[in-house]
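**Student:** What follows is a protein structure lacking sequence information:
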């Protein structure tokens, strides 16, 4: 029985595949996209998040921290990063939920227990579970067992992946995955490296192979103004995808709503000046992709 | 919207409600004339007849459906024989901040000189309080329960299809037949039956007479009318009113007018206040609709216009204002007419028809508080029907609410009703299940489940007043387990339900004796054949309800006690008591622990939901099946209207983290802000209640417009509803929140922890968002919400 690190289980997800879904977010991602709106999913270990406005400075966290990592500074309990072991004791005792442990160790059984609570809604709506992240394939053994278990219970499965993984690992989950949500960001490799930290060669190869085997793939295309919304990128993407067998392509317009999370995690955010894409732009992109006989759907 | 409709609607919305003295004056005159000379049923009938004979006949400009309760739209008659407003009450009615009524000096003068002197000592309210025991009064004042019948008559019922098949001349024949077959040799009640039937006869003739007066007025107006079209309309109105309600209607227009006279009759006879309405209107009118289209005498446009005229008539009738404390505290203009759409036909087949959709169009276009509307959704109804309802719900003004028709029928079958009667029934008022046209299903009062816990925690004493109104079931530190504590709660519950039911059974007999309703009795089966009044058990089915309030709050309270005191043992009784007694002042950590570190109802968490189930079961066992005085039994339902606010005001701080005086949870919804796992979790929790044991439960869900704006949102809403109903939920309604609510949520985030907003491609709790983002969503909502 494998343990996974899960940072959120979101019931009533309506945009991670068809129907009403429960989305399970697994922690850890090999990419480092500038626009990432789930920065808490990047690191593959647990983290403590601190909501200063909720804190009543009762001091219970200081009392319960086994590593003496928290000190009262200017009336606020501040964690010293070098001392903190991310054990989560402070969050457990914090009465106001000002401290939250991001990333919880869970067994497959525990996660499935949460998922199966909504089976009736999945059945009614044609939904199911979506495993997302981070990058769920980072926790391959756990993921595989989770997918198998869901299938045993008759729950339809989807995996949301960035595709950056060796093929023989990706291959392992194909049979247990009813739907792939496959992220595609940039066709230009240089740019891809710049904005995500990795090359796209392996991603494109994987998508090619996957689409020759798997029947149900949704391409997820985040539209980031100034990064990948140029006609060249869109046309290259259309061209590439038109040679593959995919079900549909979802446009996910950029938003900067993850910004707050960066602050709370103490991370830097680079795209502070970027704004969500204009309607016109989205329609243009949508039109171009349709020229390649792709089924385009806006999400969000 | 047609110009006629727009104008009538505007008039209805813009006219300020005012107190009309007409009814009080006429009823008083009639009582002075007849009281003491005839039996009570006949007295009531003669008073009704006098009212129908002398009340002002008003036909508004452009109206197609005629008849008002008072002299004009928004006229609000009073019912001094039930409860007589004092001069102070009239002052409050006029001056209170919300929902005020105009009260003219003339009204006050007549009240002072004629109405108050006559009724002060013999209004039902006075009689009732004279008859109630001191322990009943203590409980009433402590806010353990409320009493519906102290300010209005027991009237919870709805019309069925019989009025469309049988004119009042037909009813008269039935009554005469019943009179002629009375058996004075064998039946000791023969005389009583004779008096009741005589009274019905008088009322049947009186309503025909009222219609003839309308016909005459319309005819006279037509004579002097210069506008050709209006002249024709008035002539048509005259023809219709001279035909119905005496005879069964022949077409769509007559059918609507038929109902409307019945409605005016019912709400003029007594202040039933809560619910009377046409019920399954799309079923009743469909044959007329079909025939009209076929014969070419009706078009969908004309049908719609007539329906819209009809809709506005409901909105013209404000609910009569209350008296005493409740007057100052709670106000509403609205009656609770709640028209049903869809459901099943008597033979069990799908009841949705073309007219259903046309009526939903009317609902969408009218956007009136009255009549309220609902859809009765069966698994046999098509998704198209549900989708149409969801499209209206999405617009965010709270209508229609959605009922599980299959469950409603199941509830009635459990109560022993025939399958046909059940299928022809539905829900009315807020969420109450009933066999339309055949049942008296009276709400007798709200019951404060949380107050009883508070008294249990204080060994029988009400901490607010210091009065010992409960039983001594033990000091807190004597309880060694959660089960022992719950046993004490059950004992207190038994004690208070006993008091409530004893009071109810006296009040019921007072109404049966002094305040029969012979007009209403004509149209409710089987009052005529039994020769018995609606208020005395004449209906085929006679159910009394006690409505449990605060199930969410009490569940979370008990969960906190079980979890922190008995299991985690991170809190002792001493500190527990102090924290509550001091309203958490200086105990914020304990409060936060109650709020954030306790299993709560509404999260699909069995720990809390199991507690909800035992409380529900205890309440059910205590009430269900007890006998009332009308040959029926008591049952429970779980609805609060607005009583959770009043009940909260009399309860001190509670161990769910709620501060003293704050509202309790409403219906079967979780405590405001306690549900943090999304709508599917709320639905799962709520469905763990055994709905079929009730006569109605109310579940409220708050959404923002963004959550419903795209196709995925609408589809998900439909699936949520279908899923809840598959789990046997009774009712669900969606509150699509406005920007104002979001602003309030910004100010008091704690109370809105469950508020979900659609952010971008995903949804999040409003509380989780930064101020800037919240502002952005508010500005977006401004545009999207109605």
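**Tutor:** Received the coordinates, thanks. Worth saying up front: this structure is predicted, and the values here are computed from it rather than measured.
**Student:** Mind checking the pLDDT average for the strand or helix carrying residue B:341?
**Tutor:** Element membership of residue B:341, judged by DSSP states H and E, is strand B:338-342. The average of the pLDDT scores along strand B:338-342 is 96.
**Student:** helices or strands next to that strand in the packing?
**Tutor:** Identification of packing neighbours for strand B:338-342 by 3 or more C-beta pairs under 8 Å, 6 or more residues apart in numbering or on different chains; DSSP states H and E yields helix B:281-295, helix B:354-366, strand B:372-377, strand B:426-428. In short, each C-beta sits where N, CA and C put it, glycine included.
**Student:** Beyond the shortest one, next helix or strand please.
**Tutor:** Going back to what we said before, that points to strand B:426-428. strand B:432-434.
**Student:** Give the pairing partners of that following strand; include direction for each.
**Tutor:** In the sheet, strand B:432-434 lines up against strand B:426-428 (antiparallel) (DSSP bridges).
**Student:** winner for burial among the helices and strands packed on strand B:338-342?
**Tutor:** Most buried of the helices and strands packed on strand B:338-342 by mean neighbour count (mean count of other C-beta atoms under 10 Å in any protein chain shown) is strand B:426-428; its value is a mean of 29.
**Student:** Contacts for that strand, please.
**Tutor:** B:156-158, B:275, B:277, B:279-280, B:336, B:338, B:340, B:343, B:374, B:376, B:403, B:405, B:408, B:433-434, B:436, B:696, B:731 (C-beta atoms under 8 Å, 6 or more residues apart in numbering or on different chains).
**Student:** quick one: secondary structure of the nearest residue to residue B:230 once chain neighbours are set aside?
**Tutor:** Excluding the flanking residues, the one nearest residue B:230 by C-beta to C-beta, 6 or more residues apart in numbering or on different chains is residue B:62, at 7.5 Å. Under DSSP: H, G, I helix; E, B strand; the rest coil, residue B:62 falls in the coil class.
**Student:** So which bits of chain A are right by chain B?
**Tutor:** By the rule C-beta under 8 Å from any C-beta of the partner chain, the part of chain A lying against chain B is A:10-15, A:19-20, A:56, A:58, A:60, A:95-97, A:117-118, A:120-121, A:124-125, A:127, A:252-253, A:255, A:257, A:259-260, A:276, A:299-300.
**Student:** how about a cut-off of 7 Å?
**Tutor:** Proximity of chain A to chain B, by C-beta under 7 Å from any C-beta of the partner chain, involves residues A:11-12, A:14-15, A:19-20, A:56, A:58, A:95-97, A:117-118, A:120-121, A:124-125, A:252, A:255, A:257, A:260, A:299-300.
**Student:** quick revisit: in CSV, list the helices and strands packed on strand B:338-342 along with mean pLDDT.
**Tutor:** What follows is the helices and strands packed on strand B:338-342, written out as CSV (pLDDT from 0 to 100):
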stretch, mean pLDDT
helix B:281-295, 98
helix B:354-366, 96
strand B:372-377, 95
strand B:426-428, 95
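**Student:** how about the ones you listed, which one is nearest residue A:199?
**Tutor:** strand B:372-377 (53.6 Å; C-beta to C-beta).
**Student:** if we can go back for a sec, dump the residue contacts of the residue nearest to residue B:230.
**Tutor:** B:4, B:7, B:8 (C-beta atoms under 7 Å, 6 or more residues apart in numbering or on different chains).
**Student:** looking at this, residue B:696 is in a strand?
**Tutor:** Yes - membership of residue B:696 in a strand is supported by three-state DSSP.
**Student:** who's in contact with residue B:174?
**Tutor:** By C-beta under 7 Å, 6+ apart, the residues touching residue B:174 are residue B:528.
**Student:** ok, now which ones touch residue B:461?
**Tutor:** By C-beta under 7 Å, 6+ apart, the contact list for residue B:461 reads B:455, B:467, B:468.
**Student:** Could you identify which of these has the most neighbours?
**Tutor:** Comparing the contacts of residue B:461 by number of neighbours (other C-beta atoms under 10 Å in any protein chain shown), residue B:455 comes first, having 29 neighbours.
**Student:** Please list the outside residues in contact with the one helix or strand in chain A whose mean pLDDT sits lowest.
**Tutor:** When each helix and strand of chain A is scored by mean pLDDT, DSSP states H and E, helix A:259-265 comes last, with a mean of 78. If you take C-beta under 7 Å, 6+ apart as the criterion, helix A:259-265 is touched by A:39, A:40, A:47, A:49, A:50, A:51, A:268, A:269, B:770.
**Student:** Tell me who's in contact with the closest residue to the fifth one other than its chain neighbours.
**Tutor:** Read it as residue A:50. Using C-beta to C-beta, 6+ apart and skipping the chain neighbours, the partner closest in space to residue A:50 is residue A:99 (5.8 Å). For residue A:99, the contact set (C-beta under 7 Å, 6+ apart) comprises A:48, A:50, A:61, A:90, A:91.
**Student:** Could you export those residues as CSV, including neighbour count?
**Tutor:** Shown next, in CSV, are these (neighbours: other C-beta atoms under 10 Å in any protein chain shown):
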residue, neighbour count
A:48, 24
A:50, 21
A:61, 25
A:90, 26
A:91, 21
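**Student:** Just these: which are in strands?
**Tutor:** Residues of the contacts of residue A:99 located in strands (DSSP state E): A:48, A:50.
**Student:** Redo the contacts of residue A:99 as JSON lines? Include pLDDT.
**Tutor:** Shown next, in JSON lines, are the contacts of residue A:99 (pLDDT from 0 to 100):
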{"residue": "A:48", "pLDDT": "87"}
{"residue": "A:50", "pLDDT": "87"}
{"residue": "A:61", "pLDDT": "92"}
{"residue": "A:90", "pLDDT": "92"}
{"residue": "A:91", "pLDDT": "91"}
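**Student:** Residue B:536: which of the contacts of residue A:99 is nearest?
**Tutor:** For those, the minimum distance to residue B:536 (C-beta to C-beta) is 63.8 Å, reached by residue A:91.
**Student:** which of the contacts of residue B:62 are close to chain A?
**Tutor:** Counting by C-beta under 7 Å from any C-beta, no member of the contacts of residue B:62 is near chain A.
**Student:** Filter the residues you listed down to the buried ones, ChimeraX style.
**Tutor:** The command below creates a ChimeraX selection of those among the contacts of residue B:62 that count as buried (16 or more other C-beta atoms under 10 Å in any protein chain shown):
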select /B:4,8
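**Student:** Closest one of the contacts of residue B:62 to chain A?
**Tutor:** Checking the contacts of residue B:62 against chain A by C-beta to the nearest C-beta gives residue B:7 as the nearest, at 39.1 Å.
**Student:** Identify the residues contacting that closest one.
**Tutor:** residue B:62.
**Student:** switch to 8 Å and redo it
**Tutor:** Counted by C-beta under 8 Å, 6+ apart, residue B:7 has contacts B:61, B:62.
**Student:** could you give me the average pLDDT of the host helix or strand of it?
**Tutor:** If you go by DSSP H and E, residue B:7 is part of helix B:3-14. For helix B:3-14, mean pLDDT is 93.
**Student:** How far away from the center of its chain is that helix?
**Tutor:** Chain-centre distance of helix B:3-14: 26 Å, with C-alpha atoms, centre = their mean, to the nearest Å.
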